[in-house]
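Chemist: Predicted coordinates and the sequence they were generated for:
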Protein chains: 2
Amino acid sequence: MKDLINQIQIQVNEKVYIKDPNSSDLGKNIIAHSIKIIDEIGFEGFTFRKLAIVLNTKEGSIYRYFENKHKLLIYITSWYWGWLEYHLVFSTTNIPQPEERLKIAINTVARGHEDSEIFSFINLGALHRIVVSESSKAYLTKEVDRANKEGFYSGYKRLVGRISELVLEIEPNFQYAHTLISTIVEGILHQKYFADHLPSLTDIDHDDQKLAEFYCMMALATIKSSK
Amino acid sequence: MKDLINQIQIQVNEKVYIKDPNSSDLGKNIIAHSIKIIDEIGFEGFTFRKLAIVLNTKEGSIYRYFENKHKLLIYITSWYWGWLEYHLVFSTTNIPQPEERLKIAINTVARGHEDSEIFSFINLGALHRIVVSESSKAYLTKEVDRANKEGFYSGYKRLVGRISELVLEIEPNFQYAHTLISTIVEGILHQKYFADHLPSLTDIDHDDQKLAEFYCMMALATIKSSK
DNA sequence: CATAAATAGTAGTATTACTATCAATTATAG
DNA sequence: CTATAATTGATAGTAATACTACTATTTATG
């Protein structure tokens, strides 16, 4: 699996960047090191100046790739959702039972990364932590409508859409597939954050397996209750 | 009800502010107008300078009340959770059936404000929109652990705790009360945001009643499924 | 009416978030 | 292998942000 994964490239909406970071070494370093720095000091503390110093380059060079740090955040979170979607499609094909497919999907989201800790130059562990604690800042902004129109959130929307389809396979008359799945995906991220920082808001303590089980149980109970 | 509500004062952890904004006209204006400005231009665009200009005062005077704008955000969101808790306690007392109490609680969170649009000098409609789109930024920061230690999130935690207790009254052996309730509270906020900005992630379109019904159904199905 | 408290007014600093320009380096195409 | 295009490096500069500090003036209170 690892070998195969290294063959593919995750596509990110090209309007997110000025110059494709995959097209050069500097570009790849910008992605790799911004993930590292944001993971360490948080998105608010992260600046292109700090990144430039680490990369032994200048702010100006980074601005040739991304208009601002918010776009860079959209880039790396979109990349993550693209990667997860790839993973999801892979893990659910050839599973005949729709209920089983939904369970696998929820497990995929809850586990986040796993067998491939480093995907080419991207540290998936750090990226996953960023998604947990920073990804909602990609859309919780006054520019959300413009960004959405440009398609910046299509990766996330596609993922939610795909899992919602699995729900509809189980129960085609279920009216709340998107609400249920976006609640679960956001819920998984939040519960992980709460386990780390606000433990009284959760009952699941760093156990991705258990987290997945809870949300599977919740999903199936909710779907069936609607009949 | 409105008259009674105007009698009480919502308490916010006093470490959040330097000087109690309730103790002066300027303080109250800081709260009232920061809610207005954040609602209009978003938390990122909001600065103490802009607030000072609107209030015909100087940055320095605002800094005597709040160390920085992040603390002010914590203040106003804490205030909201305190207000909601008050509402919740009020609306669930004297209801004998635990299931009914849980339903009322979820409805209270989903409706957010309603019969009291303006609570003394606070515009609850604007505050509710801020809670929907900005409140998670109060804890999604690298300072979260320090802030949590200071008790800055106790209002939110108390609210989740209270509703979790209602869950346990229905089913004392349920293991995931906090996870379920924090998922629902966050879910309600997210679904409202999605309805406004990313509609493909939700099935509930600006209908607080329906939103509450969905999450009530989900809660009860999940609780019962665990038996 | 005195004096303490609060606010207004003015300055100033370090950092952020950029933009612009030109020189040096590196890639690529003929 | 060289011309030239593309990329990056280096330097500079601006407006805004996020503060801190100090003094003058106003307002409250005993």
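Modeler: Yes, it's here.
Chemist: can you list the residues of chain A near DNA strand D?
Modeler: Counting by Cβ under 7 Å from any atom of the strand, chain A comes close to DNA strand D at A:19, A:23-27, A:56-61, A:64. (Glycine included, C-beta is placed from N, CA and C.)
Chemist: if you set the cut-off to 6 Å instead, what comes out?
Modeler: Taking Cβ under 6 Å from any atom of the strand as the test, the list of chain A residues beside DNA strand D reads A:24, A:26, A:57-58, A:60-61, A:64.
Chemist: Against which helices or strands is the lengthiest helix in chain A packed?
Modeler: If you go by DSSP state H, chain A has its longest helix at helix A:69-92. Under the contact criterion of 3 or more Cβ pairs under 8 Å, 6 or more residues apart in numbering or on different chains; DSSP states H and E, helix A:69-92 touches helix A:25-45, helix A:98-111, helix A:124-134, helix A:154-170.
Chemist: Give me the next element, helix or strand, following the first one.
Modeler: Read that as helix A:25-45. The C-terminal neighbour of helix A:25-45 among helices and strands, as given by DSSP states H and E, is helix A:48-55.
Chemist: One more: the shortest one?
Modeler: With elements assigned by DSSP H and E, the helix or strand that comes after helix A:124-134 is helix A:144-149.
Chemist: Check which residues of that next one are buried.
Modeler: Residues of helix A:144-149 classed as buried: A:144, A:147-148 (neighbour count, 16 or more other Cβ atoms under 10 Å in any protein chain shown).
Chemist: before we move on, what about stretch A:202-209?
Modeler: For stretch A:202-209, a neighbour-count test (16+ other Cβ under 10 Å) marks A:202-204, A:208 as buried.
Chemist: try stretch A:30-48
Modeler: A:30-39, A:42-44, A:46, A:48.
Chemist: same thing with stretch A:171-190?
Modeler: In stretch A:171-190, counting by 16+ other Cβ under 10 Å, buried: A:171, A:174, A:176-190.
Chemist: near chain B too, which of those residues?
Modeler: By Cβ under 8 Å from any Cβ of the partner chain, the members of these lying near chain B are A:176-180, A:182-183, A:186-187, A:190.
Chemist: with those residues in mind, which one is nearest to DNA strand D?
Modeler: Nearest to DNA strand D among these, counting by Cβ to the nearest atom of the strand, is A:His190 at 25.3 Å.
Chemist: Return the residues in contact with the closest one.
Modeler: Counting by Cβ atoms under 8 Å, 6 or more residues apart in numbering or on different chains, A:His190 touches B:182-183, B:186.
Chemist: Closest one to DNA strand C out of these, please.
Modeler: Nearest to DNA strand C among the contacts of A:His190 is B:Glu186, at 26.3 Å by Cβ to the nearest atom of the strand.
Chemist: Please name the nearest non-neighbouring residue to the closest one.
Modeler: Spatially, and ignoring its direct neighbours in sequence, B:Glu186 is nearest to A:His190 (5.4 Å; Cβ to Cβ, 6 or more residues apart in numbering or on different chains).
Chemist: what's the residue in chain A positioned nearest to DNA strand C sitting at in phi/psi?
Modeler: Closest contact between chain A and DNA strand C, by Cβ to the nearest atom of the strand, is at A:Asn68 (3.0 Å). Phi and psi for A:Asn68, reported as degrees, to the nearest 10, are phi -160, psi 170.
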